[in-house]
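# just coords:
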């Protein structure tokens, strides 16, 4: 999936976060008004299902979309080994936008923490 | 191929302009227009002077009141800094402008401030416009120079130039107008509008980049101090060999604009109407400014819940711009939108769409459709749909 495809891909966008279906929502935000929410849960076999909502620049949207696509059906151990920096290369993330990676990293860490607790 | 809707930034050159420039470059007019000892120079000089008449004719000036520059930015520099340097006698002078102005005007004001003079900024009215009442409320008797743009490059708002000009003339205040966005698009008469200095460029009206002019009223201003020194061209006020082909291109563009002004304006108004009618099916957006007193070719739209960079990215088939550079992480938010009182999230969600002579009604309609689709996509990503 390239940047453009990822930007327009809505497969894992969370449309109804109020549904009582066991999703755990986590939100991360940054100072420039961009934000990211992850909604996650583990199925009976301990595999992940992750959805998101995002507001921000095209790079953040594209990386989020790519990342969340790759986070499906993974064990917690597999989630923990995920390297977000790989996505920065795919979208040629400008140096001035490196903070987007921190936003994603924070959100993913929180997500994993919550899944472990659950 | 993208549809170009960024005409406020620059315009494609008109075919007639390209043809004229080609002709000038091909003919035996490649001589230096200042070399009047031979036919090559004389031929170039004739083109330059004929072009000067055309530019002067568009604004009701005399040809000897027109000075060639590299564009409106240089014209602004020459008008403000050049005027200050020529008049400054060690005693501070007070200049007035607004935060709505182009950066080149604001930076020039800071330059003269560093040279010992005083500057003050007029606050626009609630709609982001400088009307006469707003001006009158804030002008004081110590001001000797006012710089006010005609049409704002981000919002399209038209300031009350004629009334401000008349006030300035009656009160012996020098009045400079940056007409980069209005020249060739709406009528300008420097005599009736009491304008002393007028900055012009060619590339916003289908002419070439790198050429512009400054009108200097010979009665009220007469001279400014050159900020580019050298061979003393342009009566010693702007040195540098004149680019004959670019000057000819500018004159052709102005000639065309004069002929087509009404037709262009009406067509662009229809583009705006078509676009806004289509866009009205969605909510959550506002136009920065008012419909009245606005040049129809520029629309500044804020989507306070969205991020303009993403909107522009989502509008794949169209070349539009941010209303500002605020979302680019390293730049300051638009000083224009800030001075209009917009909040940061409104500025972050602002885009500018600008129509031109070449825009079709179908393109305006399609742009609105694409924008609706893009807004829907981004709101969907936020969970708002």
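Perfect, thanks for sending it. What you see is a predicted model; the values in this text were computed from it and never measured.
# quick one: contacts of the top helix by length along chain A?
In chain A, with assignment by DSSP state H, the single longest helix is helix A:99-117. With contacts defined as C-beta atoms under 8 Å, 6 or more residues apart in numbering or on different chains, helix A:99-117 is touched by A:24, A:26-30, A:32, A:34-38, A:40-42, A:48, A:50, A:56-57, A:59-60, A:63-64, A:67, A:71, A:76, A:79-80, A:82, A:84-85, A:87-88, A:93. Backbone N, C-alpha and C define where each C-beta goes, glycine included.
# Among those residues, name the ones that also lie close to chain B.
Contacts with chain B within these, as defined by C-beta under 8 Å from any C-beta of the partner chain: A:32, A:34, A:37, A:56, A:57.
# can you list those residues in a markdown table and add distance to residue B:252?
Supplementary listing: those in a markdown table, determined by distance: C-beta to C-beta, whole Å:
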| residue | distance to residue B:252 |
| --- | --- |
| A:32 | 45 |
| A:34 | 47 |
| A:37 | 56 |
| A:56 | 45 |
| A:57 | 41 |
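# Among the residues you listed, which ones are in strands?
Of those, the ones assigned to strands by DSSP state E are residue A:37.
# So which residues of chain B form helices?
B:15-26, B:39-59, B:72-77, B:83-87, B:103-114, B:132-138, B:161-170, B:244-279, B:308-314, B:335-339, B:344-348, B:361-382.
# Looking at the ones next to chain B among the contacts of helix A:99-117, which is nearest chain B?
Nearest to chain B among these: residue A:57, at 4.9 Å, using C-beta to the nearest C-beta.
# Contact partners for the closest one?
A:34, A:97, A:100, B:307, B:309, B:310, B:327 are the contacts of residue A:57 under C-beta under 8 Å, 6+ apart.
# Please, where are all the helices along chain A?
A:3-8, A:58-70, A:76-80, A:85-90, A:99-117.
# Select the helix or strand of the chain having the lowest average pLDDT value.
Here I'm looking at chain A. Least confident helix or strand, chain A: strand A:24-29 with a mean of 70, by mean pLDDT, DSSP states H and E.
# Chain B was what I was after
Using mean pLDDT, DSSP H and E, helix B:335-339 stands out as the lowest-scoring helix or strand of chain B, at a mean of 87.
# May I ask you to confirm that residue B:192 is in contact with residue B:161?
No. Between residue B:192 and residue B:161 there is no contact under C-beta atoms under 8 Å: 10.3 Å.
# who's more crowded, these two?
Neighbours per residue, other C-beta atoms under 10 Å in any protein chain shown: of residue B:192 and residue B:161, the larger number sits with residue B:161, 24 against 12.
# Okay, now the unreliable bits of chain A?
Residue ranges of chain A with pLDDT under 70: A:17-21, A:27, A:29-31.
# switch the cut-off to 90
Within chain A, the stretches with pLDDT under 90 are A:1, A:15-34, A:41-44, A:46, A:81-86, A:89, A:95-103, A:106-107, A:109-118.
# How about the stretch 51-200 of chain B?
For the stretch 51-200 of chain B, the stretches with pLDDT under 90 are B:90, B:126-127.
# need the residues of it near chain A, please.
Residues of the stretch 51-200 of chain B lying near chain A (C-beta under 8 Å from any C-beta): none found.
# if we can go back for a sec, check which helices and strands the least confident helix or strand of chain B is in contact with.
Helix B:335-339 sits against helix B:344-348, with contacts defined as 3 or more C-beta pairs under 8 Å, 6 or more residues apart in numbering or on different chains; DSSP states H and E.
# How about the helix it packs on, which residues are buried there?
B:346, B:347, B:348 (16 or more other C-beta atoms under 10 Å in any protein chain shown).
# what does stretch B:343-360 give?
Using 16+ other C-beta under 10 Å as the test for burial, stretch B:343-360 gives B:346-357, B:359.
# Tally up the residues packed near residue 81, please.
No chain specified, so I'll use chain A. For residue A:81, using other C-beta under 10 Å, the count is 8.
# ah, I was thinking of chain B
Neighbours around residue B:81, by other C-beta under 10 Å: 19.
# That one touches residue B:108, doesn't it?
Yes. Between residue B:81 and residue B:108 there is a contact at 5.2 Å, judged by C-beta under 8 Å.
# residues shared between the contacts of those two?
Here residue B:81 and residue B:108 share no contacting residue, scored by C-beta under 8 Å, 6+ apart.
# picking up where we left off before, contacts for the least confident helix or strand of chain B, please.
B:98-100, B:103, B:106, B:123-124, B:128, B:152-155, B:288, B:300, B:323-324, B:326, B:346-347, B:350.
# Equivalent analysis for stretch B:5-13, please.
Residues outside stretch B:5-13 that contact it (C-beta under 8 Å, 6+ apart): B:4, B:21, B:153-154, B:156, B:181, B:203-209, B:249, B:253, B:297-298, B:318-321, B:352-359, B:363, B:367.
# so for it, what's the average pLDDT?
In this model, stretch B:5-13 has a mean pLDDT of 97.
# Not counting residues beside it along the chain, what's closest to the residue nearest the centre of chain B?
When C-alpha atoms, centre = their mean is applied to chain B, the residue found nearest the centroid is residue B:180 (2.4 Å). Computed as C-beta to C-beta, 6 or more residues apart in numbering or on different chains, the closest residue to residue B:180 that is not its neighbour in sequence is residue B:72, at 3.8 Å.
# what's the neighbour count on that neighbour?
29.
# returning to that earlier point: quick check: which of the helices of chain A is nearest to residue B:168?
helix A:58-70 (46.0 Å; C-beta to C-beta).
# tell me the contacts of the residue in the stretch 1-150 of chain B that chain A sits nearest to?
Distances between the stretch 1-150 of chain B and chain A by C-beta to the nearest C-beta are smallest at residue B:2, namely 13.8 Å. The contact partners of residue B:2, taken as C-beta under 8 Å, 6+ apart, are B:316, B:317, B:318, B:319.
# End to end on stretch B:158-174, go ahead and measure it.
End-to-end distance for stretch B:158-174, by C-alpha to C-alpha, to the nearest Å: 20 Å.
# How about that stretch, which residues are buried there?
By neighbour count on 16+ other C-beta under 10 Å, the buried set for stretch B:158-174 is B:158-161, B:163-169, B:173-174.
# quick one: the closest residue to residue B:218 other than its chain neighbours from residue B:145, how far?
Once flanking residues are discounted, residue B:218 sits nearest to residue B:65: 5.3 Å by C-beta to C-beta, 6+ apart. Distance of residue B:65 to residue B:145, computed by C-beta to C-beta, to the nearest Å: 18 Å.
# ditto for residue A:89
As defined by C-beta to C-beta, residue A:89 lies at a distance of 53 Å from residue B:145.
# quick one: which of these two has more around it?
The neighbour count for residue A:89 versus residue B:145, taken as other C-beta under 10 Å, is higher for residue B:145 (25 against 8).
# What about residue B:35? Give its phi and psi, please.
As for residue B:35, its main-chain torsions (degrees, to the nearest 10) stand at phi -90, psi 90.
# and the nearest residue to it once chain neighbours are set aside, what is it in contact with?
Of all residues not flanking residue B:35 in the chain, residue B:41 sits nearest, at 3.1 Å (C-beta to C-beta, 6+ apart). By C-beta under 8 Å, 6+ apart, the contact set of residue B:41 is B:31, B:32, B:33, B:34, B:35.
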